[in-house]
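>>> requesting a structural model of the entry that follows:
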Amino acid sequence: MIFLSYAQKDGAAHVERLETALQAAGFETWRDSSGLHPASRIDVTIEDNIKTAESVIVCITPDVRREDSFVRNEIGYALALKKPIIVARFENENPPIRLINHLWIDFFSHPWDDAVRELHYWLKRPREPQKPRIEAAPDDPFRPYLESALRYIVEGLRQRIIMPIDLKARETPDAVSPSTRKTNIFDLAFSGVTMGIEHMPARSFKNFREGFESYEGRALLLGEPGAGKTVTLMAYARDAYAARLNDPSLPLPLFNLVPTWDAEKQTPLHEWIAETHGLDTNIVRQQIDSGRALLLLDGLDELTQERVIRDDDGATIEKYDPRSRFLEIIPPNNRVLLTCRTREYREIGHKAALNGAITLQPLDDDQMRDYLQDQPELGALLEKDEALRQVTRTPLLMSLFAFAYRDLPSSERQQLMALSDARHLRDKIFMRYIEQRYRHEQAKIGAGLPFRLDEVKMILGQLAMDNAVGGREQDEHGEFHEVRENVLIDADFKHPLLADRTEIFTTLMLQLNLLTLGEDGNFRFIHLLLRDALAFSTALPALNDADTYMRLSAAAALRRIGDPRAVDALIRALNDAVPTVRLSAADALRRIGDAHAVDPLIRTLYDPHAAVRWYAAYALEEIGTPEARQAVAKWRENHM
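Numbers count the residues shown, from 1 in each chain. Next up is the predicted model:
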C-alpha cells in the first residue's frame, strides 16, 4: 500500500489525480480524505496506515511549508519507522529539510505522463543512493531517541479508548502563581484597570492547543478523571516529536511520568529524565538549562500525598507533600505541559509557576450527538436520561459506554440502563468492556486464550488493589505512611495463578487493551478509572478476609480510591480485631469524608490503641461537621 501525504488546503486536486493514476497502474493507495484537519483530532488512523505502508509519497505544495502543517508530522512518523519516502513536487517549493536528500520527482516542470512513469519505476524497485541535491543540516544527535519515543506514543494512542473529537477547554486563572500568570494587556485595559487580573472573566478555548499557545507553551492541564488529560498530552507530544524530527531547531520534547519521580531523594529533573530515556545526563541538563526543551510531564496527581517523617519517639521531624516538591523543580525557562486531576491539584496548596492553567471541559450535547450518530438508540437514551448523560460527558466513559452498549442483547441493555448510581454504572461498563474484549479475542480462529475470563478478572483485581495501595511503610507506632504510589505495574510482578506464565499473561493483557507497556518495560492499566473499578470490586469483599494483610491492603486501597460506596464496610472495619486495620479504615473514612461516619468515628476516639484514636480524630476534623468538631475538641481536652 502507498501512503499519500498532502496538504488538504492546496494539494487535494493534485493528490486526487495522482491517486487515480496509481490505482490505474495497479497500486493500492491510502490518503486521508475526511476533510478534517488531523491536528484537530485525537486519531491514530493516519499513523496506522503509515505503519502498514510499503512507501510514502509526500506531495509538496506551498501549504506544506507552514510550521503547523500536519504533513510535517506524517513525515516525522514515516522517518521514525524508516519508511521509503518519495517527494512529489507539484509546485516549485523545496520540501522540509529532512527530505532534502530523498528522491524528488517534479510534476510541475515535467509532462504529467513522464512524471507518473518515473514514479512507477521507483515504486517498483529498490531505491538507489541519491546524490545530495542540497547540503543537509547536521543530523540531530537526539534522532534515535525521538524516533523511538514517537513510535511508543503512536502505539500508546492506539491502545487508548478515547473518542476522536476536539475537547474544549477553559482557562483556570487561580490555579497558577500570580507572579507568573500571563494576561493580555489589551484585555486588561478594556476590562477596566480597577477590576484587576483576579476579576477578569475566564477565557474559553476551542481546543487545548489554542490555550497552550496562548500561554506561550507553559501551562498546567487540569481535568476530572477520564476527561482526556493524558491523551491530550500524548497527542500534543506526538506532534511535537514528529515536528522535531523534521526541524532540529525546535525545542527537544522530553516526556516523563511524574509518579516515577523520587520525592524523597529529590532527584534533579535532568537526571530523572535522562535515566528514563537512556540519554546522556549532561546533554539533557544543557538542553534544560538553556531553555531548549519542551517538558511533557504527565500525572502530578498520581504522586503520593503528604509524607511524614518521625524520630524514634514518634515526634514529627518533617512533613512534606511530594507534589509540592515536584512543582518546585519545574524550570522557569522551558516550554512545559503538566497534567493533574482537578481535585488533587486543589489539595496540594502550592501553585505551579507556569503562565496559565487550562481545564478540559466535559463533552457538550452537540459533541455527544456527533459521537453517537451511528448509535441513534443510545443517543436517544442519553437525550431522555439526564443522570446518564452527565455520567457519559467524560470522553473515556463515553467511548467505553458506547463500546459496551454496542451489540448487547436487548435484555442486557435493559439491565444496564436500570442502574441508577453513576459509580455502579461506570463499574458495570468497565466490566462489560473487559468481557467484550476477551470474547472478541476468544472468537478468533485458533485463539486458544491461555487464561479463562474469571482468571483474568481475579488476577487483574488483585493487581489493581495492590496498585491502588501504592508504596507504604509502617512505623514503630503501627502507623502506615505512603512513600510513593506504585502507579506502574512492574514488569516482574507475580501472582499465585501466574507461576511462570507472567509473560504470557501480560502479552494477553496488551492484546485485550487492558494494560499498556511503557518504554521503561513496565505495565500500566489503560486508565486509572479501570484500575479503580477493578480494585474496588476486589477490596470491598477483602475487608472481611481472614488474612490480616488482605484486610489491611483492602482498607488502604479503598482510601486511595475514595469511593463513598465503601463507607458502610469501612465503618464495620473500625471494629476489626487488628489495630492497623482499624487505623487504615479510619484513614480511609477521612479521605472519603462522608458524614455518615461521624458517630462511629466518635466512638473510635476511645479505641484502646493510641494511633487508632489519633487517626479517628484526624478523620473527624477533616469531615468537619459541628458534631465532629465538638467531639474532637472534647476528646483533646480530656486527653492532651
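>>> where are the low-confidence patches of the stretch 401-550 of the chain?
Along the stretch 401-550 of the chain, segments meeting pLDDT under 70 span 407-408, 416-422, 444-447, 470-495, 497, 519-520.
>>> now the strands: where do they sit in it?
471-474, 480-484, 515-517, 523-525 (DSSP state E, counting those that start in this stretch).
>>> could you do the stretch 201-350 of the chain as well?
Using DSSP E, counting those that start in this stretch, strands in the stretch 201-350 of the chain cover 204-205, 218-223, 252-257, 293-298, 307-310, 316-320, 335-341.
>>> cool, the stretch 1-150 of the chain as well?
Under DSSP E, counting those that start in this stretch, the stretch 1-150 of the chain gives strands at 2-5, 29-30, 55-60, 85-89, 103-106.
>>> now for the strands of the stretch 201-350 of the chain, which one comes closest to residue 502?
Ranking the strands of the stretch 201-350 of the chain by proximity to residue 502 (C-beta to C-beta) places strand 252-257 first, at 21.9 Å. Placement of C-beta: from N, CA and C, glycine included.
>>> now that closest one - C-alpha only, PDB.
Extracted in PDB, the C-alpha atoms of strand 252-257 (Å, rounded to 0.1, in the frame of the first residue of the first chain):
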ATOM      1  CA  LEU A 252      13.500  19.000  22.400                       C
ATOM      2  CA  PRO A 253      10.400  17.100  23.600                       C
ATOM      3  CA  LEU A 254      11.100  15.300  26.900                       C
ATOM      4  CA  PHE A 255       8.200  13.200  28.200                       C
ATOM      5  CA  ASN A 256       8.000  11.600  31.600                       C
ATOM      6  CA  LEU A 257       5.500  10.200  34.100                       C
END
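>>> strand 335-341 and that strand, what's the angle between them?
Here strand 252-257 points in a direction 20 degrees away from that of strand 335-341 (axes from the mean of the first three to the mean of the last three C-alpha atoms, to 10 degrees).
>>> what does strand 252-257 contact?
142, 146, 149, 153, 237, 240-241, 244, 272-273, 276-277, 284, 287-288, 292-299, 302, 487-488, 518 (C-beta atoms under 8 Å, 6 or more residues apart in numbering).
>>> repeat the analysis, applying 6 Å as the threshold.
The contact list for strand 252-257 (C-beta atoms under 6 Å, 6 or more residues apart in numbering) reads 142, 237, 240-241, 244, 273, 276, 287, 293-296, 298-299.
>>> same deal with stretch 108-122?
So stretch 108-122 is contacted by 21, 25, 86, 90, 91, 105, 107 (C-beta under 6 Å, 6+ apart).
>>> domain boundaries for this structure, per the record?
2-137, 145-360, 365-442, 453-639 (automatic domain parsing).
>>> now do the end-to-end distance for the second one.
End-to-end distance for domain 145-360: 30 Å, by C-alpha to C-alpha, to the nearest Å.
>>> off-centre distance for it?
12 Å (C-alpha atoms, centre = their mean, to the nearest Å).
>>> pLDDT averaged over that domain - what is it?
In this model, domain 145-360 has a mean pLDDT of 83.
>>> coming back round to it: possible to save the domains of the chain as a markdown table with mean neighbour count?
What follows is the domains of the chain, written out as a markdown table (neighbours: other C-beta atoms under 10 Å):
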| stretch | mean neighbour count |
| --- | --- |
| domain 2-137 | 17 |
| domain 145-360 | 18 |
| domain 365-442 | 16 |
| domain 453-639 | 19 |
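>>> quick check: the farthest pair among the contacts of stretch 108-122?
25 and 91 (23.6 Å).
>>> now do residue 629, the pLDDT please.
For residue 629, pLDDT reads 92.
>>> any idea which element it lies in?
helix 626-639 (DSSP states H and E).
>>> re earlier: could I get the strands of the stretch 201-350 of the chain as a markdown table with distance to residue 46?
As requested, the strands of the stretch 201-350 of the chain are arranged in a markdown table below (distance: least, C-beta to C-beta, whole Å):
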| stretch | distance to residue 46 |
| --- | --- |
| strand 204-205 | 24 |
| strand 218-223 | 23 |
| strand 252-257 | 19 |
| strand 293-298 | 21 |
| strand 307-310 | 44 |
| strand 316-320 | 45 |
| strand 335-341 | 22 |
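>>> distance from the helix holding residue 629 to the middle of the chain?
That offset, for helix 626-639, works out to 43 Å (C-alpha atoms, centre = their mean).
>>> against which helices or strands is it packed?
helix 598-604, helix 610-623 (3 or more C-beta pairs under 6 Å, 6 or more residues apart in numbering; DSSP states H and E).
>>> what sits closest to residue 300 if chain neighbours are left out?
Distances taken as C-beta to C-beta, 6 or more residues apart in numbering place residue 340 nearest to residue 300, at 3.9 Å, with adjacent residues excluded.
>>> my read: the one you found touches residue 301, true?
Yes: contact criterion C-beta atoms under 6 Å: residue 340 and residue 301 qualify, at 4.8 Å.
>>> what sits against residue 224?
Per C-beta under 6 Å, 6+ apart, neighbours of residue 224: residue 342.
>>> what of the one 4 residues further on?
By C-beta under 6 Å, 6+ apart, the contact list for residue 228 reads 167, 360, 395.
>>> give me the pLDDT for residue 57.
So, for residue 57, pLDDT stands at 90.
>>> quickly list what it is bridged to.
Beta bridges link residue 57 to residue 4, residue 86, judged by DSSP bridges.
>>> next one: phi and psi at the closest residue to residue 528 other than its chain neighbours?
Counting by C-beta to C-beta, 6+ apart, residue 528 lies nearest to residue 225, which is 6.5 Å off, once chain neighbours are set aside. Torsion angles at residue 225 (phi, psi; degrees, to the nearest 10) stand at phi -60, psi 130.
>>> surely residue 225 and residue 529 touch.
Yes: with contact defined as C-beta under 6 Å, residue 225 counts as touching residue 529 (5.4 Å).
>>> quick one, phi psi at the residue of the chain positioned farthest from its centre?
Distance from the C-alpha centroid of the chain peaks at residue 111, with 49.7 Å (C-alpha atoms, centre = their mean). Backbone torsions for residue 111, taken as degrees, to the nearest 10, come to phi -60, psi 140.
>>> same check, this time on residue 9
phi -70, psi -40.
>>> list the contacts for it?
residue 63.
>>> now do it against residue 286, distance only.
Residue 9 is 38 Å from residue 286, where distance means C-beta to C-beta, to the nearest Å.
>>> cool, residue 23 as well?
From residue 23 to residue 286 the distance is 50 Å (C-beta to C-beta).
>>> again with residue 245
20 Å.
>>> same question, residue 379
Taking C-beta to C-beta, one finds residue 379 at 53 Å from residue 286.
>>> cool, and residue 57?
38 Å.
>>> what of residue 459?
Applying C-beta to C-beta to residue 459 and residue 286 gives a distance of 45 Å.
>>> so who does the residue nearest the centre of the chain touch?
Closest residue to the average C-alpha location of the chain: residue 230 at 2.2 Å, with C-alpha atoms, centre = their mean. Residue 230 makes contact with residue 298, according to C-beta under 6 Å, 6+ apart.
>>> for residue 352, which of the helices and strands packed on helix 626-639 is the nearest?
helix 610-623 (24.7 Å).
>>> okay, the contacts of strand 252-257 in CSV with distance to residue 217 next?
Converted to CSV, the contacts of strand 252-257 look like this (distance: C-beta to C-beta, whole Å):
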residue, distance to residue 217
142, 19
237, 13
240, 10
241, 15
244, 14
273, 17
276, 22
287, 15
293, 11
294, 7
295, 10
296, 11
298, 16
299, 20
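>>> among those, which one sits closest to residue 570?
Once C-beta to C-beta is applied, the member of the contacts of strand 252-257 that ends up nearest residue 570 is residue 299, at 26.6 Å.
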